[in-house]
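Undergrad: everything below, folded, please.
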Amino acid sequence: MADIAQPQALLTRLFQCAVAAADPLVVVPPHLPPPPKGRSIVIGAGKAAAAMARAVEDRWQGPLEGLVVTRYGHGVPCRRIQVVEAGHPMPDAAGREAAARILALVNGLSADDLVLCLMSGGGSALLVEPAPGITLADKQAVTKALLASGATISEINTVRKHLSAIKGGRLAERAQPARLVTLAISDVPGDDPAVIASGPTVPDSSTLADARDVLARHGIVAPPAIAARLGDSWAETPKPGHPSFARTVFRQIASPQQALEAAAALARETGIPPLILSDRIEGEAREVAKVHAAIARQIARFGQPAAAPCVILSGGETTVTVRGKGRGGRNAEFLLGLALALDGAPGVHALAADTDGIDGSEDNAGARLGPDSLARASALGLDGRRLLANNDAYSFFAGLGDLVVTGPTRTNVNDFRAILIVPTAA
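TA: Reported below is the predicted structural model:
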């Protein structure tokens, strides 16, 4: 158990292991379909899309063409598949142009052709083609309001699907009669195919009424064109059993649970028992932090539900209701909430980061903390409670020099949280 002498080094290794478990170069090749008689068209969207496209190119036998769209800074060089970079989390004109080109690529195909669709987290914002009558500005306004409201990713994507000409199964409609195979890296709690990148190639069980309810529940007043769209029964998305899905196959090739299990295996190798809480934790980041802190304290004090040393692992996607004007994504906000809840509890160290390398819209993946974090912050004049109230967790951890900065990882299985509890002297 020498690793507990360097707790932050161990936590960093666990995070790196979780990210590596979802590396497209590793997870894509085993799931590639055989080449078709006709054309092979590769399309895709998400933070892992470019790396997934590269993995296809490296293994594909025969002619290949296509286009994928990824977030700015997440591209990789490809030879036969074009990579377009666009805006995330706010959709932009580059994403709209890429979506239009993807629709054009799958139009007019035959039953002998194959469409290989590469989907990953972030695809909802990157693959933007507003439904008729809706402008890009309309979608941007609703997206901004939803992101600030504390809505879950499932709620946000329920709305997105009903405002799109490509999401919510619409892409499958356009690709028929070609065979359509989707390879997906899941970043959503529960791994629902209809939520990953807003499910452009799978049936949608959510409804227009569900989308209206999301907006109402979060107090969001939609632009007139969007309100009209959500009230039009002809605008409903294709449901299970629709003929558009007769020749479609969906394969999930990586998930948050797989990443957690990889980190857990590494922890065991070092002699530290892991405790996986869940791969689908949702809720307000600072409130989720309080629950994690309570579990850590229970372990430290009573050895329940596990004895120290041990490491708590969890995944999923928390939310942040923006009330302040500070900086910081949900992982930094979680970690600052955790620090305040632990209040310097001895023997507890933690790391929280997004596996895509970007916490919200910041330049860090997340942050780390130790038992001395609050004391060090106080000595620097950093008031954790005031900064949390202003949604400014980034400034707290930047001041301590404890941001986790990886740059884009070009994969995405969502949040990774690890809390290491080590024995302390009585």
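Undergrad: tell me where the stretch 101-250 of the chain has strands.
TA: If DSSP state E, counting those that start in this stretch is used as the criterion, the strands of the stretch 101-250 of the chain fall at 114-120, 179-185, 248-254.
Undergrad: for those strands, which one sits closest to residue 72?
TA: Residue 72 sits nearest to strand 114-120 of all those, at 15.4 Å, using CB to CB. For the C-beta atoms, the positions are set from N, CA and C on the backbone; glycine is no exception.
Undergrad: so which bits of that closest one are buried?
TA: Within strand 114-120, the residues that count as buried by 16 or more other CB atoms under 10 Å are 114, 115, 116, 117, 118, 119, 120.
Undergrad: same list, the residues you listed, but as a markdown table with distance to residue 151 and pLDDT please.
TA: Output for those, formatted as a markdown table (distance: CB to CB, whole Å; pLDDT from 0 to 100):
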| residue | distance to residue 151 | pLDDT |
| --- | --- | --- |
| 114 | 36 | 98 |
| 115 | 31 | 98 |
| 116 | 32 | 98 |
| 117 | 26 | 98 |
| 118 | 26 | 98 |
| 119 | 21 | 98 |
| 120 | 21 | 97 |
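Undergrad: as JSON lines, the residues you listed with distance to residue 367 would be great.
TA: Shown next, in JSON lines, are those (distance: CB to CB, whole Å):
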{"residue": "114", "distance to residue 367": "43"}
{"residue": "115", "distance to residue 367": "40"}
{"residue": "116", "distance to residue 367": "37"}
{"residue": "117", "distance to residue 367": "34"}
{"residue": "118", "distance to residue 367": "30"}
{"residue": "119", "distance to residue 367": "29"}
{"residue": "120", "distance to residue 367": "24"}
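Undergrad: tell me, how many residues neighbour residue 6?
TA: 12 (other CB atoms under 10 Å).
Undergrad: per-residue pLDDT, it?
TA: The model reports residue 6 with a pLDDT of 92.
Undergrad: same deal with residue 3?
TA: For residue 3, pLDDT reads 67.
Undergrad: is it true that residue 171 touches residue 106?
TA: Yes - with contact defined as CB atoms under 8 Å, residue 171 reaches residue 106; the gap is 7.0 Å.
Undergrad: looking at these two, which is more packed in?
TA: Neighbour totals were compared for residue 171 and residue 106, and residue 171 leads with 31 against 22 (other CB under 10 Å).
Undergrad: mind listing what the closest residue in space to the more buried one that isn't next to it in sequence touches?
TA: Ranked by CB to CB, 6 or more residues apart in numbering and with sequence neighbours excluded, the top spatial neighbour of residue 171 is residue 200, at 3.8 Å. Applying CB atoms under 8 Å, 6 or more residues apart in numbering, we find residue 200 in contact with 45, 117, 119, 123, 127, 166, 167, 168, 169, 170, 171, 172.
Undergrad: and residue 200, how far from residue 262?
TA: 28 Å (CB to CB, to the nearest Å).
Undergrad: please apply the same query to residue 363.
TA: Counting by CB to CB, the gap from residue 363 to residue 262 is 26 Å.
Undergrad: over to residue 30?
TA: Taken as CB to CB, the span from residue 30 to residue 262 is 16 Å.
Undergrad: which one's more surrounded, those two?
TA: More crowded of residue 30 and residue 262, by other CB under 10 Å: residue 262, with 17 against 9.
Undergrad: checking that one next. Helix, strand or coil?
TA: Using DSSP: H, G, I helix; E, B strand; the rest coil, the structure places residue 262 in helix.
Undergrad: can you pull the contacts of it?
TA: Residue 262 touches 17, 18, 20, 21, counting by CB under 8 Å, 6+ apart.
Undergrad: let me know the closest of those to residue 356.
TA: residue 18 (11.7 Å).
Undergrad: not counting the helix or strand encompassing that closest one itself, show me its contacts.
TA: Using DSSP states H and E, residue 18 sits within helix 7-20. With CB under 8 Å, 6+ apart as the test, helix 7-20 has contacts from 3-4, 26, 259-260, 262-263, 265-267, 270, 272, 311, 313, 349-351, 353, 355, 368, 370, 404, 406, 409, 411, 413, 416, 418, 420, 422.
Undergrad: helices or strands up against whichever helix or strand comes after that helix?
TA: Following helix 7-20 in sequence order, the next helix or strand is helix 24-27 (DSSP H and E). Helix 24-27 makes packing contacts with helix 49-59 when contacts are defined by 3 or more CB pairs under 8 Å, 6 or more residues apart in numbering; DSSP states H and E.
Undergrad: average pLDDT for the helix it packs on?
TA: 97.
Undergrad: filter the contacts of helix 7-20 to the buried ones?
TA: For the contacts of helix 7-20, buried by 16+ other CB under 10 Å: 3-4, 259-260, 262-263, 266-267, 270, 272, 311, 313, 349-351, 353, 355, 368, 370, 404, 406, 409, 411, 413, 416, 418, 420, 422.
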